[in-house]
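**Student:** could you work out the structure for the sequence below:
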Amino acid sequence: MGCKCGKDFDTGSCVCDVLREIADAQSDVVENCCDTSCEQSINDLLGEKDSGSGLDTVPVILYCQDGCKPFKGFGAGHMPDGTPGPIEASFIFRVKSVDEDCCAVLELVRNAEEPCTHSHLKDPADQGTDNLYATGICITVDLKCFCHVTCLPAVSLFQ
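**Tutor:** Okay, the predicted model is just below:
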């Protein structure tokens, strides 16, 4: 006789069923609010409707489906003279748009005090989140290729 993964749910995913059961059991004991989450970052960005928050971005880190690795985007901007600039990289992005097919335009966001060349960053933890600025370098991605998103606290990016 085998054990049933979750007694109250049967989604076909044992992990999902067990986690739903844990969440339900905890709901009476633990408040469901998180200090840091996508929902909290969006709420912070929106702020009070009358006064505004002064924040303009919810920076995100995406994780690829295969191997659940953090996604590092690459792009090149332009030098002041109009020539192509060096290739830059980032694990942190600003969402510019998402279309009906789940294709998104993401802007690379960097820490102004750190070199973020294509070979510098090995892990998202290598990239600080202080002094983030908008690079103007955008990439297009298929959001169906990602399995996880981490929202960082809402910020006001330097331009």
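**Student:** roughly how far does the spatially most central residue of the chain sit from residue 37?
**Tutor:** Compute the mean C-alpha point of the chain, and by CA atoms, centre = their mean the closest residue is residue 60, 2.1 Å away. If you measure residue 60 against residue 37 using CB to CB, to the nearest Å, the figure is 12 Å. Yep, even glycine has a C-beta here, placed from its N, CA and C like the rest.
**Student:** which neighbours do these two share?
**Tutor:** Listed contacts common to residue 60 and residue 37 are residue 151; contacts here mean CB atoms under 8 Å, 6 or more residues apart in numbering.
**Student:** tell me the phi and psi of residue 145?
**Tutor:** When read as degrees, to the nearest 10, the backbone of residue 145 gives phi -90, psi 0.
**Student:** would you confirm that it contacts residue 64?
**Tutor:** Yes: between residue 145 and residue 64 a contact is recorded at 6.3 Å, counting by CB atoms under 8 Å.
**Student:** correct me if wrong: residue 60 contacts residue 151.
**Tutor:** Yes: under the criterion of CB under 8 Å, residue 60 lies in contact with residue 151, with a separation of 5.6 Å.
**Student:** got the contact list for the nearest residue to residue 79 once chain neighbours are set aside?
**Tutor:** What sits nearest to residue 79 in space, not counting adjacent residues and going by CB to CB, 6 or more residues apart in numbering, is residue 85, at 5.0 Å. Listed by CB under 8 Å, 6+ apart, the contact partners of residue 85 are 76, 77, 78, 79.
**Student:** do you know how far residue 85 is from residue 136?
**Tutor:** 10 Å.
**Student:** next: residue 38.
**Tutor:** Distance, residue 38 to residue 136, by CB to CB: 24 Å.
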